[in-house]
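K.L.:
got a structure for you, letters missing:
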């Protein structure tokens, strides 16, 4: 794609740079503004949006949104929550700064605005990283450097998108946290991930408890292959239980014949 541009200093610096445009703020009809195609925020908290709408009803829109001209309409660059809250508050127009941004600049600013929000849903954050990597061919290392984040943070956040749909839904509805989800990611077995995610919700497990459960599950996964070998050899169900550094093997037989067959197998070894 050519030379990659730096993402800059973040939203605070961006708005600081726009201070000189304060005399160029226009009241633009809300119906003429279309949402940004680069907006990653999908799971808006309705309660906070209502709170913002009530504040706008009382005090108005304090900080203008940023838009660009796009054919016969305007495209939102930054300020999606303010725009949505203004609609909710019943406003017909909204103060805006109109800038002549390229597609790359528009995408970067829209994504940075969301990435740097403290209350950003971890899945929205992951989607924002994914879009920046796909749209501008950044590596994870380059993206981490440009955002001032650790590469492992970028990688672990992106991995959330690989979780089963059931778990993603639990994250979206705030039933489990990103910390819970990252613990689940260390399990390779999808059914175990879902089983443990449901247990987190049911038992209200914290992250530390979840990590302990993950270790237990991984031990089960490690020993399942041995259980399979023993079952095939002995021709009866076998269960391996492990606790700390010790363990035990449980063999269940249903008849005297099964017991005798089992003993004969041991005597031949």
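P.N.:
Okay, I see it. Keep in mind it's a predicted model, so treat the numbers as computed, not measured.

K.L.:
C-alpha from now on. contacts and neighbour counts both.
P.N.:
Noted.

K.L.:
residues near residue 246, how many?
P.N.:
Residue 246 has 7 neighbours, counted by other C-alpha atoms under 10 Å.

K.L.:
For it, list the residues it contacts.
P.N.:
Shown in contact with residue 246 (C-alpha atoms under 8 Å, 6 or more residues apart in numbering): no residues.

K.L.:
quick one: contacts for residue 192?
P.N.:
residue 217.

K.L.:
so it is in which element?
P.N.:
Assigned by DSSP states H and E, residue 192 belongs to helix 190-203.

K.L.:
Likewise for residue 90?
P.N.:
Judged by DSSP H and E, residue 90 forms part of no helix or strand.

K.L.:
in stretch 154-173, what's buried?
P.N.:
Residues of stretch 154-173 classed as buried: 154, 157, 158, 160, 161, 163, 167, 168, 170, 171, 172 (neighbour count, 16 or more other C-alpha atoms under 10 Å).

K.L.:
no no, stretch 77-96
P.N.:
Under 16+ other C-alpha under 10 Å, the buried positions of stretch 77-96 are 77-89, 91, 93-96.

K.L.:
Run a quick neighbour tally on residue 146.
P.N.:
Residue 146 has 16 neighbouring residues, counting by other C-alpha under 10 Å.

K.L.:
Is it located within a strand, as I assumed?
P.N.:
No. Counting by DSSP: H, G, I helix; E, B strand; the rest coil, residue 146 falls outside a strand, being helix.

K.L.:
so residue 188, which of the three states?
P.N.:
Residue 188 ends up coil, using three-state DSSP.

K.L.:
And the strands in the stretch 151-269 of the chain, which stretches?
P.N.:
All strands of the stretch 151-269 of the chain, identified by DSSP state E, counting those that start in this stretch, fall at 238-243, 246-251.

K.L.:
looking at the ones you listed, which is buried most?
P.N.:
Highest mean neighbour count among the strands of the stretch 151-269 of the chain (mean count of other C-alpha atoms under 10 Å): strand 238-243, with a mean of 15.

K.L.:
pLDDT averaged over it, what's the number?
P.N.:
What strand 238-243 shows for mean pLDDT is 75.

K.L.:
This protein - how does it break down into domains?
P.N.:
11-119, 163-268 (automatic domain parsing).

K.L.:
before we move on, the earlier item: wait, which of the strands of the stretch 151-269 of the chain is closest to residue 232?
P.N.:
Across these, the minimum distance to residue 232, taken as C-alpha to C-alpha, is reached by strand 238-243, at 9.4 Å.

K.L.:
So, low pLDDT: which residues of this structure?
P.N.:
1-23, 40-46, 117-119, 221-222, 242-245, 269 (pLDDT under 70).

K.L.:
report the longest helix in it, please.
P.N.:
Across the chain, the longest stretch assigned as helix under DSSP state H is helix 207-234.

K.L.:
what comes up buried for that helix?
P.N.:
In helix 207-234, counting by 16+ other C-alpha under 10 Å, buried: 207, 210, 211, 213, 214, 217, 218, 220, 227, 230, 234.

K.L.:
will you turn the strands of the stretch 151-269 of the chain into TSV that also has distance to residue 203?
P.N.:
TSV is the format used below for those (distance: least, C-alpha to C-alpha, whole Å):
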stretch	distance to residue 203
strand 238-243	22
strand 246-251	26
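
K.L.:
Among those, which comes closest to residue 264?
P.N.:
Taking these one by one with C-alpha to C-alpha, strand 246-251 is closest: 14.7 Å.

K.L.:
and the angle from the closest one to helix 207-234?
P.N.:
Orientation of strand 246-251 against helix 207-234 (axes from the mean of the first three to the mean of the last three C-alpha atoms, to 10 degrees) gives an angle of 40 degrees.

K.L.:
Okay, helices next: where are they in the stretch 51-200 of the chain?
P.N.:
80-88, 103-115, 122-136, 140-147, 151-159, 165-172, 178-184, 190-203 (DSSP state H, counting those that start in this stretch).
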